[in-house]
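J.: Kindly generate the corresponding structure for this input.
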Amino acid sequence: MRADREDLQGHRRALLRLIGCGALAALAPGCQKPLSTDECGALLDHYVELLVQADRPDAGGGEVTRLQSTARAKAAQDPAFSRCSSEVTRRQFECAMKASNPDQLEQCLL
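T.: Numbers count the residues shown, from 1 in each chain. Sure, this is the predicted structure:
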């Protein structure tokens, strides 16, 4: 009976840690899953797409794709971009992916 009570208390502590981590995710980046390489690439693609829409509204999809490929190639050589997954929080990423223009996206990353 005592062992059951200790097990229950252990499970309760684990559950409270999980709830606390979920509730404090915005304040405790350690609780958030870091961005993947693919997510960092998607963020870059979205930014390029927004830039093209703002600067060249009549650009076709092929031009956007070409510019995204160019940006990814340059980003692969940039040490700052390699830190994306450790420096961009999940909250910043989600905000940026909802942005409808480059300025909004940039504000999310501040």
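J.: how close does the residue nearest the centre of the chain get to residue 99?
T.: The residue lying closest to the centre of the chain (CA atoms, centre = their mean) is residue 93, at 3.1 Å. Here residue 93 is placed at a distance of 11 Å from residue 99 (CB to CB, to the nearest Å). For every residue, glycine as well, the C-beta is placed using N, CA and C.
J.: Is residue 58 in a helix, a strand, or coil?
T.: coil (DSSP: H, G, I helix; E, B strand; the rest coil).
J.: give me every residue that touches it.
T.: If a contact means CB atoms under 8 Å, 6 or more residues apart in numbering, then residue 58 has no contacts.
J.: Would you mind giving both backbone torsions of it?
T.: The phi/psi pair for residue 58 (degrees, to the nearest 10) reads phi -100, psi 10.
J.: before we move on, what about residue 34?
T.: Phi and psi for residue 34, reported as degrees, to the nearest 10, are phi -70, psi 160.
J.: Okay, now the unreliable bits of this structure?
T.: Applying pLDDT under 70 to the chain picks out residues 1-30.
J.: where along it do the strands fall?
T.: Per DSSP state E, the chain carries no strands over any range.
J.: any idea where the helices of it begin and end?
T.: Ranges of helices in the chain, per DSSP state H, are 2-23, 37-55, 61-76, 79-82, 84-87, 90-98, 102-108.
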